[in-house]
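Engineer: mind looking at a prediction? Sequence and model below.
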Amino acid sequence: MTIKLTQPFTRIPFLLAIGISIASATLAIAGQGSNESKNTKPTQIMESKPKSEISKAIHEYALARYAGDVQGVRSRLHPALASRTIADTYWGQPSDEWVRPLTFEGTSFLKTSANRVLLDNPNSGRVEITVHDIAQITAAATLISEDRIEMLHLILFNDQWLIADIVTNFLSNPGDKATAKTTRHDESITKILTDYCVGFYEIDGQKVQNTCHPILSKRAVEHNEEGNFDFLRQITYEEIEILGETFNKSFGFEPDARCVVEIYEVRGDIAIAKMTGTVWFDYFQLLKVDNEWTIINIMFESLPRDQWADV
């Protein structure tokens, strides 16, 4: 097993709820001087723990999949998993490329012949983990196993690190060499993520939406204080256009406000990246469909008040 960890973890005490919906964005704008909202809670983790906890969660997920342990796999996945891959056949017939969802319920097939990797000794399977970045309650990582490359978004959900988003590149045969990393697509990916960010600043919802796939999953973790539980707030493909038309009306950010793109990894037709804007950041998973890159999954957090820019 190879575990590679990159980027230091910085403990941030509170999550500022902003941009989660049009209403919550408006509330955050009105209360710029505060880094709390009623849907916030302290992050109850120690500085030294997240790297090892995230790697442990990914490792347990990989080994459980090798062993055909459905419950073990599900224990490390959020039930609202957004998992996607590219397909070019449909019901056994050749087709144009399309985005195929891989569901939480689909893990039931681990104990059937549909499982491409079922090792007698799960610990002998390839498990190469790279943790790209860790925020206060979200993280971005890559897992290379025997038959696939998976780019992951993890969330700290009810005090446990869970995998919430996955994009997958299946290898032709189990045990094949992993698809090599490339920088060939960096320029086009950077443009897409920049257009996404600048679209918010320009109050151009169509520009934002054009960077995303119609089955977009954009989510953030919120906390319900009354019920004392975490939940995922989602912004749909339709709502991302509305948010693009609404977000910057009160802030008034200029089109050239902060928009920093970091591409962590590109392998074949999948990519994982981060964009840091003025008051928030997004982790992105992208797919290349019919030779065009598109944003498929987003996990985001608001930045703490002292990290806001241009406000």
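Structural biologist: On my side now, so go ahead.

Engineer: neighbours of residue 67, how many?
Structural biologist: Burial of residue 67, expressed as a neighbour count using other CB atoms under 10 Å, amounts to 19. Every residue, glycine included, has its C-beta placed from N, CA and C.

Engineer: surely it meets residue 124?
Structural biologist: No: between residue 67 and residue 124 there is no contact under CB atoms under 8 Å: 11.2 Å.

Engineer: ok, which stretches of the stretch 51-200 of the chain are strands?
Structural biologist: 77-90, 93-101, 128-134, 138-144, 148-157, 160-170 (DSSP state E, counting those that start in this stretch).

Engineer: how about the third one: buried residues?
Structural biologist: Right, strand 128-134. Within strand 128-134, the residues scored as buried using 16 or more other CB atoms under 10 Å are 129, 130, 131, 132, 133, 134.

Engineer: the second one too?
Structural biologist: Residues 97, 99 are the ones in strand 93-101 that count as buried (16+ other CB under 10 Å).

Engineer: tell me the helix or strand right after whatever helix or strand residue 288 lives in.
Structural biologist: Applying DSSP states H and E as the criterion places residue 288 in strand 280-289. Where DSSP H and E defines the elements, the next helix or strand beyond strand 280-289 is strand 292-302.

Engineer: and that following strand, what's buried?
Structural biologist: Residues of strand 292-302 classed as buried under the neighbour-count rule (16+ other CB under 10 Å) are 293, 294, 295, 296, 297, 298, 299, 300, 301, 302.

Engineer: let me know the angle separating it from strand 160-170.
Structural biologist: Using axes from the mean of the first three to the mean of the last three CA atoms, to 10 degrees, the direction of strand 292-302 lies 170 degrees away from that of strand 160-170.

Engineer: elements contacting strand 292-302?
Structural biologist: For strand 292-302, the helices and strands in contact under the criterion 3 or more CB pairs under 8 Å, 6 or more residues apart in numbering; DSSP states H and E are strand 77-90, strand 138-144, strand 148-157, strand 160-170, helix 186-201, strand 212-224, strand 280-289.

Engineer: no further queries at this time; thank you.
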